[in-house]
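S.K.: Here is my input; please provide its structure:
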Amino acid sequence: MIKVGIAGARGLSTIKGFQANPNVEVTALCDLDEDFAKKRAADLNIPKHYRVFEDMLESDIDAVVIATPMQCHVPQALAALEAGKHVLSEVTAGVTMDELFWLCEKVEETQKVYMMAENYIYMQEIQVVKGMVEAGVFGEVYFGEGEYIHDIKNMVTYSYGRFTSGKTSWRKYWQFGRRGSFYPTHSLGPVMKWLHGDRIKTVRTVGTGQWTAPHLRNDDLALTLCTTEKGKLIKIRVDCVSNRPHCATYYSCQGTKGCYEAARGLGDQAKVWFEGIDDKQEKTWYPLKDFYDQYLPERYKKASEDQKKSGHGGGDFFIVEDFVNAILYGNPPGVDVYEACEWTAVAFLSELSVMNGGREMEMPKFRKNMPWEEKIIKI
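M.R.: From the prediction side, this is the model:
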């Protein structure tokens, strides 16, 4: 039985997944707002609660979930790994390039499981498309895109718990205080899983500047182009300022034999076209839902009701299952430390790019035993 402690009592997207897994027991909850942690622990039948993260690390837990603000992820991951705990970290992996290098080094040193909890890759639609890509339905996929459009300007101040309304939030600095694609992993994750075995080689970003909210430092939206080692192209849009409806799950991919596009909203639906889908002269879209039975992974089809209740159609259960199986059986984590760092590094390279006229930036090659002289940002 794996005993898990969760840091961040408001970041409980994985709790139902853990509670639906027979190999896990959530035994501790930690939050700076001790009263809230105590209440949530009681509500969820978690026996222990803590205010200090290091105190929780001294308990008999085997693994930690880091669901705290972004700037806490690497310091807490390093402390947990050094304490002999496995780590499941929310996105992004870190907030500076040096932090990413430290994280890789500590994972290699401790030999503990580190996994980034990028849950968008576990959504059913993304999994169906992944199955189609792996089956060659679209031929060789050479382009993918993702968009994270989510107006969260209201989150620059706190409005809950021990924080009085109007107190400045961490997001004011670590999200809205940075330019470029500061939050890229939701957009990149699914595309990178479709391009399995490839890696990002270069990053370039342009931004709109400040139009909607001049008091915020970042651009209204940033567009980033990534080229891969195999010569493929990825486009992402990160936009947390523009006044428009939420659309955080738009994706598309284009291959030599077909393509996929997610829904845009207002009655739209996910759709595909590929060679052989019909004998019509004119290419027309077909609903992606027509292919769920054929390409949705079996574990999604067989998910219990409790597992489905974990969120994202069972995806929040399977992210937990992959983490647990990596600990128990040595399976590869769903998103390992090198993928986590590469996807996160797009944020830092895009910030430099957008501030230098869209200059192309080279991605470090994150891998095991990466040489010291490569742990740099090339200008």
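S.K.: Poorly predicted segments of the stretch 201-350 of the chain, please.
M.R.: Scanning the stretch 201-350 of the chain for pLDDT under 70 picks out no residues.
S.K.: At which residues are the helices of it located?
M.R.: 292-295, 298-301, 305-308, 315-329, 337-354 (DSSP state H, counting those that start in this stretch).
S.K.: try the stretch 51-200 of the chain
M.R.: Under DSSP H, counting those that start in this stretch, the stretch 51-200 of the chain gives helices at 53-57, 73-82, 97-110, 124-134, 171-174, 185-194.
S.K.: Need the winner for burial among these.
M.R.: Each of the helices of the stretch 51-200 of the chain was scored by mean neighbour count; the highest is helix 185-194, a mean of 26, by mean count of other Cβ atoms under 10 Å. Backbone N, C-alpha and C define where each C-beta goes, glycine included.
S.K.: Counting by contacts, list what it packs against.
M.R.: helix 124-134, strand 141-149, strand 233-239, strand 247-255, helix 337-354 (3 or more Cβ pairs under 8 Å, 6 or more residues apart in numbering; DSSP states H and E).
S.K.: Gly17: what's its closest spatial neighbour, skipping adjacent residues?
M.R.: Excluding its sequence neighbours, the residue lying closest to Gly17 (Cβ to Cβ, 6 or more residues apart in numbering) is Val320, at 3.5 Å.
S.K.: And for that neighbour, the neighbour number?
M.R.: Other residues near Val320 come to 31 when the count uses other Cβ atoms under 10 Å.
S.K.: The helices of the stretch 51-200 of the chain into JSON lines, with extra columns for distance to Lys308 and mean pLDDT?
M.R.: Shown next, in JSON lines, are the helices of the stretch 51-200 of the chain (distance: least, Cβ to Cβ, whole Å; pLDDT from 0 to 100):
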{"stretch": "helix 53-57", "distance to Lys308": "30", "mean pLDDT": "98"}
{"stretch": "helix 73-82", "distance to Lys308": "28", "mean pLDDT": "98"}
{"stretch": "helix 97-110", "distance to Lys308": "32", "mean pLDDT": "98"}
{"stretch": "helix 124-134", "distance to Lys308": "10", "mean pLDDT": "98"}
{"stretch": "helix 171-174", "distance to Lys308": "31", "mean pLDDT": "96"}
{"stretch": "helix 185-194", "distance to Lys308": "20", "mean pLDDT": "98"}
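S.K.: Any figure for the gap between Glu261 and Lys289?
M.R.: Distance, Glu261 to Lys289, by Cβ to Cβ, to the nearest Å: 13 Å.
S.K.: Between those two, point out the one with more neighbours.
M.R.: Glu261 (19 against 14).
S.K.: that older thread, for the helices of the stretch 201-350 of the chain, give me TSV that also has distance to Ala79.
M.R.: Formatted as TSV, those follow (distance: least, Cβ to Cβ, whole Å):
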stretch	distance to Ala79
helix 292-295	41
helix 298-301	33
helix 305-308	31
helix 315-329	18
helix 337-354	16
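S.K.: if you compare those helices, which one is most tucked away?
M.R.: Per stretch, and counting mean count of other Cβ under 10 Å, the top mean among the helices of the stretch 201-350 of the chain goes to helix 337-354, which has a mean of 25.
S.K.: Helix or strand next in line after it, which one?
M.R.: Remark: after helix 337-354, the chain's next helix or strand is strand 361-362, criterion DSSP states H and E.
S.K.: residues in contact with that following strand?
M.R.: Contact partners of strand 361-362, identified using Cβ atoms under 8 Å, 6 or more residues apart in numbering, comprise 201-204, 349-350, 352-353, 377-378.
S.K.: and Asn154, how many neighbours does it have?
M.R.: Using other Cβ under 10 Å, Asn154 has 9 neighbouring residues.
S.K.: next one: Val4
M.R.: Residues lying near Val4 (other Cβ under 10 Å) number 28.
S.K.: Next, it: secondary structure please.
M.R.: strand (DSSP: H, G, I helix; E, B strand; the rest coil).
S.K.: Tell me what it is bridged to.
M.R.: Beta bridges link Val4 to Val26, Ala63, judged by DSSP bridges.
S.K.: Perfect, I'm done here.
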